[in-house]
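Visitor: Fold the following.
(2 chains)
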Amino acid sequence: MLTALSLVIGGLLLLGLAAVPLARRPAGVRVVHGGCVVACLLLVVLAAWALLAGGGGVLALPFGPPWGRALLALDGLSAWFLLLLGVTGAIASLYAMAHPAAQPGAVPPFPLFLAGMAMAVVAADAFTLMFGFELMSLASWALVAADHQQAENRRAARLYLMMAALSAACLVPAFGLLAGHAGGFSFAALRAAPPTGWLAGGVLLLGLLGAGGKAGLAPLHVWLPLAHPAAPSHVSALMSGAMTKVALYVLARLLLDLCGPAQPLWWGVPLLVVGACTAVLGALRANLEDDTKVLLACSTIENVGLIAIGLGLALAFRGADLGPLAALAAGAALLHALNHGVFKTLLFLVAGSVLHSAGSRRIDRLGGLIHAMPVTAGCALVGIAAAASLPPLSGFASEWLLLQALLAGWRTGDIGFQVLAAAGTALAAMAAALAAAAMVRLFGLVFLGRPRTPRGAGAHEVGRLERWALIIPAGLTLLLGLLPGPLLGLAQPALVALLGPAAMAPARGFALLGGNGEVAAWYLPLALLLVLLVAGLLVALAVRARSPLETRRGPVWNCGFINPPDFLPFGDPLSQPTAGGIAQPLRRMLGTSLLGAREAVDMPRPGETRAAGYTASFADPAFGWLVLPAARLRDAVAAQCEKLRDFTIRRCLSLGFGTLLALLALLAWLEAH
Amino acid sequence: METLGGLLTQALHVMLVLVAAPLVLGCTRWLKARMMGRRGASPWQPVRDFSKLLRKRPVLAENASAVSEVAPYVGVVATLVAVAMVPSFAQGMAFAPLGDLLLVAGLLALARVALALAGMDVGTAFGGLGAAREMSFASFAEPALLVSVLSFAILAGSTNLDLVAATFRDGQLGLRVSLALAGIAMLAVAVAENARIPVDNPATHLELTMVHEAMLLESSGRHLALWEFQAALKLELWLALLAAVFLPFGAAPAGAGPLAWALGLGAWLVKMAGFILALAVFESAIAKMRVFRVPEFLGAALLLALLAAALLFVSTGLA
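Guide: This next block holds a predicted model:
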């Protein structure tokens, strides 16, 4: 099985090379993306096989770093994330097949991106993992920079590259600390010698910065709303749906698996705190953005935060010896990762279809698309309902598990952690409600109402292949929502990999279970769906029996506002809510304090003939506090380094000599200890 | 026998809530009118309104989509299923294993999203305004609700509504400060969720109070009837929820006979009447607050709920 897996990854790498000549012609582009679909489906099959039958074993590739060979393994955790990668990758590649006219520069890196993610997920030693991780980062950077004619895309790609470098600069030392302690790079060796004391703290901090930054955890989330929208839509879908999950996989592998089961309760606290803040911040930003893809990227930040809460709780519960609760929290994180991967892929592809069909990503230039694009609108409705965590869709199932885990946080017995878990409950609930508001805003403004521009009014339904690329993830979202129990049963090996052999998935049959050991709460999505359908049928029959008259169409009432004149074919634009208008309540209630949101009304004085204006803006605090000072620091350091050029030969030589002496002194000191 | 009793009580419960929903609304309006010195419409007025609206032909705007037609059914069905899980006169009903507090919150969110989307369907200024405000208020109400649920989860060990109610009825919990605090938080959430004074005024269409009613402006005929019925069901749901959790006395335990059911029914009616009276007094005595004061109102509820949970942490830590 591992041989087949390595062949699939190798095939993807070769496909990336072959794509360079093939990308010039539409048929060639289609071949490349078709190959990606096949490869991703093979990954799904292999992952499902490994989850059902057990992966077992480590494959040593016949090449690798100078000191050994690259190792691959497919344990439960790897298989679960490989499944997620395969599913989202297949959907995104299928969608890409429908758009062969996209930038040719975006074709060759795409298979490499997939190969990098797959390699990072199935790696069994630190070197291979970092190699795959960096391949993923660089390939996705090339994809973000594919449309580099636009200045904003260049800016996004630059920031993204810096963030990827920061991730590497943190993850490499994190693995270095582990490997130096364990004396080997393979996961088996690392596992055998779990770090303790300050070493463990260092790994935790570096892992959080490195993998968390790549996943989009606050305050290192700033690159995500810039970079994800800049890439072509199917790449944005994959970056949000799969790449952030690969980063979370690295985080889970590092903190839950490689650092050993003996870490204390407080280990979960940083992840819990950062995750809760990230979730609220991302969901709030999603309510203020007025670009569909940026909005979706912000919603990804929120969901990454929720998954991080689950991982943090799993760490804390494991530290407090509450095995069933740790399995509950980890199960919530794993299930939410998969659910979010699928529905976010769907939503990004919908945004791409809207962009192609209605010509814009800006919400204020769209509207009323449900009439022109009914299939897309139906799929989008499924996606936003899942993202708003409405029962019985997939988002609700995993969020139910997560809230059950949060509500059980008091069982740890540590009052500090209890208060944190209570605050985490409030923040997670707020993030879920904010996400629902953002999703209503997205769907309501893009698909409902009236068109806002002539270009938007000329929208048309997407083609057949593209339609299937939307219908399949929508159907999967429904299915994942109805069958979370069997899915968690499938995730059992992943839980074992995370929490040890005693872990039991918090599911029985079709039901999800909450509670510590003894079952204390149930969620039965199939029964709920049945009850909803029966009740719906009865209500509809009863209402129609009493109310037989058919509906009639008439002009809109709109509280008596007069109908727009003929020269305003889209109605009076002022009588339809805008993106900024719908955002106004939350901007004033939360945005001013958390995101520094500002509103300015420019009202001409009586007699002036210019138009009145209203501008609303906000600034993410992470940008002002983190990115801008970092950029200033970089400039200052660069300016200092520039001075080195003016050194005389004497000073240059003494610099080299001094460095040599310092290194020798360090060596002597290390020898002495 | 137990299953049969569960099914029978469930069926009776659904019929009871269907009949009682318009009455709860009507009685609240009637009591408020009496307190303000008016004679007031009969408590049966909502029933008459519903049947009148059902007979009328619904008119949809020219650019209304299927959302306007389907959303009212989604809203009513989600609320109805949620209220079917909240025990009234008896516990151990057939839906009891389904009846989770988080699921009730989720179903209410489903109804809320359906209403907000219906409000935005035609693209009118008022619909969008109401939808934006409704969804924004929910982002403050939901945390307060969930942290209140945390208190119940600590005391009852579960979020299952039936188990919580049974524990609170049978358990020797006594009067707890934490429960009282959580109760106040839940009351505030209930007021906000039902668009009652001081958060919203259900009796006017003034622009300043535009939250719930603003989203219904384009509905007519059976769609309007369904939305009005959904609002009545939601009010009943919150009052029944408060009764089931904080005043579980008198409800028939699982597997009890018809006599206990009758007693439970009487107790439920008394409890609901008490809540309606309290709501009417509260609404008559207080003024509507500005829209942007609502976060403070709900934030206070969240703080009370957190305080309740913290008190419980301390007391369970000491025990």
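
Visitor: mind listing the strands in chain A by residue range?
Guide: A:58-60, A:71-73, A:507-508, A:511-514, A:521-523, A:552-554, A:598-602, A:613-617 (DSSP state E).

Visitor: Including mean pLDDT and mean neighbour count, could these go into TSV?
Guide: Every residue, glycine included, has its C-beta placed from N, CA and C. As requested, those are exported to TSV (pLDDT from 0 to 100; neighbours: other CB atoms under 10 Å in any protein chain shown):
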stretch	mean pLDDT	mean neighbour count
strand A:58-60	87	16
strand A:71-73	91	23
strand A:507-508	84	20
strand A:511-514	85	24
strand A:521-523	87	26
strand A:552-554	91	11
strand A:598-602	90	11
strand A:613-617	87	13
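
Visitor: would you list those strands in CSV and tack on distance to residue B:195?
Guide: Shown next, in CSV, are these (distance: least, CB to CB, whole Å):
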stretch, distance to residue B:195
strand A:58-60, 61
strand A:71-73, 56
strand A:507-508, 37
strand A:511-514, 31
strand A:521-523, 28
strand A:552-554, 27
strand A:598-602, 26
strand A:613-617, 26
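
Visitor: Next, the contact list for residue A:254, please.
Guide: By CB atoms under 8 Å, 6 or more residues apart in numbering or on different chains, residue A:254 lies in contact with A:174, A:175, A:203, A:207, A:211.

Visitor: What about chain B: which of those residues touch it?
Guide: Contacts with chain B within the contacts of residue A:254, counted by CB under 8 Å from any CB of the partner chain: none were found.

Visitor: Please name every helix or strand in contact with the helix or strand of chain B with the lowest mean pLDDT.
Guide: The weakest-scoring helix or strand in chain B, judged by mean pLDDT, DSSP states H and E, is helix B:161-170 (a mean of 86). Judged by 3 or more CB pairs under 8 Å, 6 or more residues apart in numbering or on different chains; DSSP states H and E, helix B:161-170 is in contact with helix B:101-120, helix B:125-156, helix B:221-246.

Visitor: For these, give me TSV that also has mean pLDDT, distance to chain A and mean neighbour count.
Guide: Compiled in TSV, the helices and strands packed on helix B:161-170 are given as follows (pLDDT from 0 to 100; distance: least, CB to the nearest CB, whole Å; neighbours: other CB atoms under 10 Å in any protein chain shown):
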stretch	mean pLDDT	distance to chain A	mean neighbour count
helix B:101-120	95	3	27
helix B:125-156	92	3	27
helix B:221-246	94	4	24
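
Visitor: now these in TSV, with distance to residue B:163?
Guide: What follows is those, written out as TSV (distance: least, CB to CB, whole Å):
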stretch	distance to residue B:163
helix B:101-120	10
helix B:125-156	6
helix B:221-246	11
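
Visitor: just so I know, which of those lies nearest residue B:53?
Guide: Residue B:53 lies closest to helix B:221-246 among these, at 3.7 Å (CB to CB).

Visitor: tell me how far that closest one is from the chain's mean position?
Guide: 5 Å (CA atoms, centre = their mean, to the nearest Å).

Visitor: rewinding a little: go through the strands of chain A and name the closest to residue B:273.
Guide: Nearest of those (CB to CB): strand A:521-523, 31.4 Å.

Visitor: Many thanks, have a good one.
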